[in-house]
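Student: Quick check, what structure comes out for this input:
(one chain, ligands or ions: 1)
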Amino acid sequence: MRIQDKVIVITGGASGLGLATARFMIEEKGARVAILDLNAEAGQKAIDELGAERAFFVATDVSSEESVQRAVEAVVDRFGAIHVCINGAALANGFKVLGRDGKATPLARFAQVTAVNLNGVFNVMSKCAEKMAANDPEGGEERGVVINVSSGAAYEGQIGQAAYAATKAAVIGLNMPAAREFGAIGVRVNAIAPGLFLTPMVAALDAKVLDALKSQVEAPRRLGDMREFAHTCAFIVENAYVNAETIRLDAASRLKAR
Ligand SMILES: NC(=O)c1ccc[n+]([C@@H]2O[C@H](COP(=O)([O-])OP(=O)(O)OC[C@H]3O[C@@H](n4cnc5c(N)ncnc54)[C@H](O)[C@@H]3O)[C@@H](O)[C@H]2O)c1
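Tutor: Residues are numbered from 1 along each chain as shown. Down below sits the predicted model:
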């Protein structure tokens with residue numbers, strides 16, 4: 001699918017990889033981008049930077065059916081359609097299955113992560129796909145593209161990442177059934193599993209911690225540049241034959257248990 005003038009919904013787009021992708025899609029690909037994020041202040045800042053002509057922000061909680069329904073309608077009112085949906089909103093809350101005292105971690109802590117990282121992805125993907133089905137098919141075959149953001153933790157979750165890793169693996173499991181189902185409406189579904197990226201949060205870490213992280217990356221031995229993530233999103237959108245795939249974007253890094 002050509003990206004020029006297409007409408008791209010990015011959840012979690014007010015920060016980190018999502019914001020970098022919004023910037024790349026507008027500035028380098030001529031897209032129109034709707035950022036759906038919980039953080040209204042950061043969302044407004046993003047629109048100030050990207051310009052209200054091509055960027056739009058809706059304060060949204062991806063874990064709420066009503067909030068996402070409202071946001072998706074607002075995007076269609078503003079831009080007329082939705083062609084691409086990139087699900088980046090996530091919580092990285094770390095905790096062990098058993099707490100320090102050896103007691104089972106309360107289920108509510110696990111459920112808080114699944115509500116955003118898994119239910120949130122289904123919630124946004126399904127509502128965006130419903131709108132994509134109304135698009136004219138490009139080249140007679142393509143109405144939309146979904147990209148769900150997984151993580152290397154889906155494969156090698158570290159101690160303390162049980163909830164995060166489980167949700168990120170579940171996102172990979174969504175690929176095939178959704179891609180098969182959406183074949184009928186011309187919508188592809190893929191995932192990206194990033195390794196360690198130089199997001200503002202990571203960049204703010206102490207130099208020693210940063211060096212330790214870098215040493216776990218194989219080649220090239222550095223953290224990922226956020227533009228490399230955005231570029232991978234563009235590749236998936238532009239290449240119509242990529243479907244039900246998960247791209248590990250991690251310079252061959254495989255994190256240790258802790
Ligand atoms: N940064 C990395 O190195 C890395 C590595 C692997 C995977 N990932 C994945 O990439 C994605 C982006 O990561 P990032 O580091 O850029 O994150 P980030 O923390 O910078 O941004 C996440 C955004 O999601 C938003 N958000 C959180 N809960 C939300 C909710 N309920 N509804 C709507 N928005 C909500 C936050 O407000 C924030 O703006 C995430 O899915 C993350 O798991 C990141």
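
Student: Once you drop chain neighbours, what's closest to the residue in the stretch 1-150 of the chain that the ligand sits nearest to?
Tutor: Closest contact between the stretch 1-150 of the chain and the ligand, by CB to the nearest ligand atom, is at residue 16 (2.0 Å). Where C-beta positions appear, they are placed from N, C-alpha and C, glycine not excepted. Of all residues not flanking residue 16 in the chain, residue 199 sits nearest, at 3.9 Å (CB to CB, 6 or more residues apart in numbering).

Student: do the same with residue 131
Tutor: residue 82 (4.5 Å).

Student: now swap in residue 176 and tell me
Tutor: residue 244 (4.8 Å).

Student: what secondary structure does that neighbour sit in?
Tutor: coil (DSSP: H, G, I helix; E, B strand; the rest coil).

Student: next one: residue 117
Tutor: helix.

Student: do the same with residue 75
Tutor: For residue 75, the assignment made with three-state DSSP gives helix.

Student: Assess the claim that the residue of the stretch 1-150 of the chain closest to the ligand and residue 198 are in contact.
Tutor: No: in this structure residue 16 lies outside contact range of residue 198 using CB atoms under 8 Å: 9.7 Å.

Student: anything in contact with each of the two?
Tutor: residue 226 (CB atoms under 8 Å, 6 or more residues apart in numbering).

Student: rewinding a little: confidence score at the residue nearest to residue 131?
Tutor: Looking at residue 82, its pLDDT stands at 99.

Student: Could you do residue 225 as well?
Tutor: Reported pLDDT for residue 225: 97.

Student: quick one: contacts for it?
Tutor: For residue 225, the contact set (CB under 8 Å, 6+ apart) comprises 197, 198.

Student: Likewise for residue 222?
Tutor: 214, 251.

Student: ok, now how distant is it from residue 212?
Tutor: 13 Å (CB to CB, to the nearest Å).

Student: do residue 90 as well
Tutor: 23 Å.

Student: which of the two has more neighbours?
Tutor: residue 90 (25 against 11; other CB atoms under 10 Å).

Student: Could you check how far the closest residue to that one other than its chain neighbours is from residue 169?
Tutor: In space, and not counting its chain neighbours, residue 90 is closest to residue 117: 4.8 Å by CB to CB, 6+ apart. For residue 117, the distance to residue 169 equals 10 Å [CB to CB].

Student: Mind checking which of those two has more residues around it?
Tutor: Neighbour count, other CB under 10 Å: between residue 117 and residue 169, residue 117 has more, with 29 against 17.

Student: Close to the ligand: what parts of the stretch 151-258 of the chain are there?
Tutor: Where the stretch 151-258 of the chain comes near the ligand, counting by CB under 6 Å from any ligand atom, the residues are 151, 194, 196, 197, 199, 201.

Student: Closest one to residue 22 out of the residues you listed, please.
Tutor: residue 199 (13.7 Å; CB to CB).

Student: Now do the contacts for the closest one.
Tutor: With CB under 8 Å, 6+ apart, residue 199 has these contacts: 15, 16, 17, 226.
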